[in-house]
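1. quick check, what structure comes out for this input:
(2 chains)
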Amino acid sequence: MSDDASSTPAPRVRIAPSPTGFFHVGGARTALYNWAIAKQQGGRFVLRIEDTDLERNQDEATQGIIDALAWLGIHHEDPVFEGPYFQSQYAEAHVAAAQRLYEEGKAYYCDLTGEQIQERAKANGKPGYDGYSRDRGLEPGPGRVLRFRVPDGGPTVVRDVIRGDVTFEHDAIEDFVLLRGNGAPMFLLANVVDDVEMRISHVIRGDEHLTNAAKQQLLWDALGHTPPVWAHVPVLVNEQRKKLSKRRDKVALEQYRDEGYLADAMVNYLMTLGWAPRQAGHDGNDEHATEIVPWAEMQAAFRLEDVTHSPAFFDLKKLAAFNGDYIRMLSVDDFVAACEPWIPDSFDRERFVAMAPHIQTRVVTLAEAPGMVDFLMTDHVAYDEASWQKAMHQPWSRGVLAETAAAYSTAEWDADTLKGALEHVATAHELKLGKAQAPIRVAVTGRSVGPPLFESLEVLGRDETIRRLDLAIAHIVQQDH
RNA sequence: GCCCCCAUCGUCUAGUGGCCUAGGACACCACCCUUUCAAGGUGGCGGCACGGGUUCGAAUCCCGUUGGGGGUGCCA
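-> Sure thing, here's the model as predicted:
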């Protein structure tokens, strides 16, 4: 880690979430991009909580952010991790910077109210603030905001690693507010001052900040510092192609975690949403090469230059597919361990473990796992009406049930034998196993679909299996009257 | 309205002037396997928004159109 002159200095990146009480999946993706850069280049990843709104549950919200990051593999204890810092604690520095800009004539006070600004805008036929107080020489005072004096003429060019050079004419940038009427610093100012203070070298964030970048770069310049490397990643959108919103869309990372999505799957999905590892060959035969990729590989291969330019649809179906893949990649032991939080206390552990390999290939999220084998954990079978109708109203249903029950009363109790016995019964009725197993399955599990039947029976045991078979027969008899 | 960004199968993407008869993945469909459902295997459907250039040659470069998106706060 020698920083000789020839090597580029290690990057200092940051994420700056506000303590809203949940972690946005879009924020998770940019966090991951930032983390990959910091890790691969021996840099630092700074967490700064932008808490200027002074929420009350701040500690809780901060812990939530740290937990969410940890879930993604961005660990607080990692030496690359720095923080959390709290923006609110730097208010003095923000105000001091504003003061300096004011004294240097780079900012000025304005006493116009929102309504007045609107009126003037209407009269001008131009929306936005018109710079009315630029040369009025107003002193600071209650209700007066401090505005940044955008330099006259010329453009500001934001050099963005992902987008290229983006040019903003100064005429199109209004004199934005630095300090509110009550003296409190605004986001644009606080954000820049903190970045300067924390020696941030790369600002990697959502595309919705691209316009802010021009204003912020102006601020970096005015404050006498070299602007950071900018990288604006495209936003995540919903099926309507609108930016993912808290109101309409499922955006809370915690929610996915609680529903049983694997962190590895989520990380993989998020990373490759808008980015793909460079393709090695040209034949494209390397299936999965740009899809399911282990973190270590992504971390090493990630390059901001390769991030896509267009918004990406956050596709739950594809996330689910990734999750299924990752679940199947788990060892059975790991799968069981991962299911732990969703397994009710009432469950028989051994039975769950015995069924685990069968559950593993059938489940998309961990949360679904218990429901798959709940019929093994109770002595009450809840019949699904549609399943019952279909399976039990065949002319042969009752006979198959009765003969199977009879055979099972003496059979060797293992899946293979159980299967053989039912096959025997099926043959006698000129039925395929697929047909004949239906009434047995419904009698025992209550449903027409589920994990492999004979393996389930093996776990359930002879007595309970026969009891359920007899119970079903009794039901049929009852319905016939 | 103004400013800015973007544009390859339905979706996520590969592709950086000839390896493209445009590759993969998800989804969908079919078949195989099969004790249901999955998983797995095989195959199929399906795309360079449009119009002009540049070039011997454009998905790739340029311009325009159209269409999406983001931003336009004393929010962050």
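
2. enumerate the residues of the stretch 51-200 of chain A near RNA strand B.
-> Residues of the stretch 51-200 of chain A lying close to RNA strand B by CB under 7 Å from any atom of the strand are A:52-53, A:87, A:111-114, A:117, A:127-129, A:143, A:145, A:163-164, A:166-169, A:172, A:174, A:176-177, A:180-182, A:186-188. For every residue, glycine as well, the C-beta is placed using N, CA and C.

3. equivalent analysis for the stretch 351-481 of chain A, please.
-> Residues of the stretch 351-481 of chain A lying near RNA strand B (CB under 7 Å from any atom of the strand): A:358, A:361-362, A:415, A:419, A:432-434, A:437-438, A:441, A:448-455.

4. show me those that map onto helices.
-> A:358, A:415, A:419, A:433-434, A:437-438, A:441, A:453-455 (DSSP state H).

5. pretty sure A:Asp51 sits in a helix.
-> No: membership of A:Asp51 in a helix is not supported by DSSP: H, G, I helix; E, B strand; the rest coil, which gives coil.

6. now the terminal residues of stretch A:455-470, how far apart.
-> One end of stretch A:455-470 sits 20 Å from the other (CA to CA, to the nearest Å).

7. which residues does that stretch contact?
-> A:351, A:354-355, A:358, A:373, A:375-376, A:379, A:381, A:401-402, A:404-405, A:408-409, A:413-415, A:418, A:440, A:443-445, A:450 (CB atoms under 8 Å, 6 or more residues apart in numbering).

8. list the buried residues for it?
-> Buried residues in stretch A:455-470, defined by neighbour count with 16 or more other CB atoms under 10 Å: A:455-460, A:465-469.

9. next one: stretch A:233-252
-> Neighbour-count burial for stretch A:233-252 [16+ other CB under 10 Å]: A:233-238, A:243-244, A:249, A:251-252.

10. quick one, strands of the stretch 301-450 of chain A?
-> A:312-313 (DSSP state E, counting those that start in this stretch).

11. hang on, the earlier thing: RNA strand B next: which of the buried residues of stretch A:233-252 are close?
-> Answer for those near RNA strand B (CB under 7 Å from any atom of the strand): A:234-235, A:237, A:243.

12. out of those residues, which comes closest to RNA strand B?
-> A:Lys243 (3.5 Å; CB to the nearest atom of the strand).

13. return the members of the contacts of stretch A:455-470 classed as buried.
-> A:351, A:354-355, A:358, A:373, A:375-376, A:381, A:401-402, A:404-405, A:408, A:418, A:440, A:443-445, A:450.

14. just the pLDDT at A:Ala61, thanks.
-> For A:Ala61, the pLDDT comes out at 89.

15. how many neighbouring residues does whichever residue of the stretch 1-150 of chain A sits closest to RNA strand B have?
-> Taking CB to the nearest atom of the strand as the measure, the stretch 1-150 of chain A has A:Glu50 as its residue closest to RNA strand B, at 3.2 Å. Using other CB atoms under 10 Å, A:Glu50 has 18 neighbouring residues.

16. so it touches A:Phe187, yeah?
-> Yes: if you go by CB atoms under 8 Å, A:Glu50 and A:Phe187 touch, sitting 7.3 Å apart.

17. where does chain A have low pLDDT?
-> A:1-7, A:53-57, A:279-290, A:481 (pLDDT under 70).

18. one more time with 80
-> Low-confidence segments of chain A (pLDDT under 80): A:1-8, A:52-58, A:278-290, A:479-481.

19. all helices for the stretch 51-200 of chain A, in order.
-> Along the stretch 51-200 of chain A, the segments classed as helices by DSSP state H, counting those that start in this stretch run A:58-71, A:91-103, A:114-124, A:187-197.

20. now A:Cys339. Nearest residue, chain neighbours left out?
-> A:Ala369 (4.7 Å; CB to CB, 6 or more residues apart in numbering).

21. thinking again about what came up before, buried ones from the ones in helices among the residues of the stretch 351-481 of chain A next to RNA strand B, can you make that a PyMOL selection?
-> Only the buried entries of those go into this PyMOL selection, using 16+ other CB under 10 Å:
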select buried, chain A and resi 358+419+437+438+441+453+454+455
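
22. out of the ones in helices among the residues of the stretch 351-481 of chain A next to RNA strand B, which is nearest to A:Ala96?
-> A:His358 (64.9 Å; CB to CB).

23. so who does the closest one touch?
-> A:451-452, A:455-456.

24. closest to RNA strand B among the residues you listed?
-> Nearest to RNA strand B out of the contacts of A:His358 is A:Pro452 (CB to the nearest atom of the strand; 3.8 Å).

25. who's in contact with the closest one?
-> So A:Pro452 contacts A:358, A:415 (CB under 8 Å, 6+ apart).

26. my guess is A:Glu208 contacts A:Lys243, does it?
-> Yes: at 6.9 Å, A:Glu208 and A:Lys243 qualify as touching, with contact defined as CB under 8 Å.

27. give me the common contacts of those two.
-> With CB under 8 Å, 6+ apart, A:Glu208 and A:Lys243 have common neighbours A:Val235.

28. using neighbour counts, pick out the buried residues of stretch A:411-429.
-> Neighbour-count burial for stretch A:411-429 flags A:418-419, A:421-422, A:425-426, A:429 (criterion: 16+ other CB under 10 Å).

29. do stretch A:211-222 as well
-> Neighbour count says stretch A:211-222 has A:212-220, A:222 buried, by 16+ other CB under 10 Å.

30. which parts of the stretch 151-300 of chain A are strands?
-> Using DSSP E, counting those that start in this stretch, strands in the stretch 151-300 of chain A cover A:155-160, A:164-169, A:177-179, A:202-206, A:229-233, A:236-237.

31. and for the third one, what are the contacting residues?
-> The set of residues external to strand A:177-179 that reach it, using CB under 8 Å, 6+ apart, is A:95, A:98, A:101, A:107, A:145-148, A:185-186, A:188-189.

32. same check on the first one?
-> Contacts made with strand A:155-160 from outside it, assessed by CB under 8 Å, 6+ apart, are listed as A:165-170, A:173, A:210, A:213-214, A:217-218, A:229-232.

33. RNA strand B: which of the residues you listed is nearest?
-> For the contacts of strand A:155-160, the nearest to RNA strand B is A:Val166 (4.2 Å; CB to the nearest atom of the strand).

34. what's the closest non-adjacent residue to the closest one?
-> A:Val166 sits nearest to A:Val158 (CB to CB, 6+ apart), 4.6 Å away.

35. related to what we said a few turns ago, JSON lines for the buried residues of stretch A:411-429, including distance to A:Val336?
-> JSON lines is the format used below for the buried residues of stretch A:411-429 (distance: CB to CB, whole Å):
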{"residue": "A:Leu418", "distance to A:Val336": "24"}
{"residue": "A:Lys419", "distance to A:Val336": "25"}
{"residue": "A:Ala421", "distance to A:Val336": "30"}
{"residue": "A:Leu422", "distance to A:Val336": "29"}
{"residue": "A:Val425", "distance to A:Val336": "34"}
{"residue": "A:Ala426", "distance to A:Val336": "34"}
{"residue": "A:His429", "distance to A:Val336": "38"}
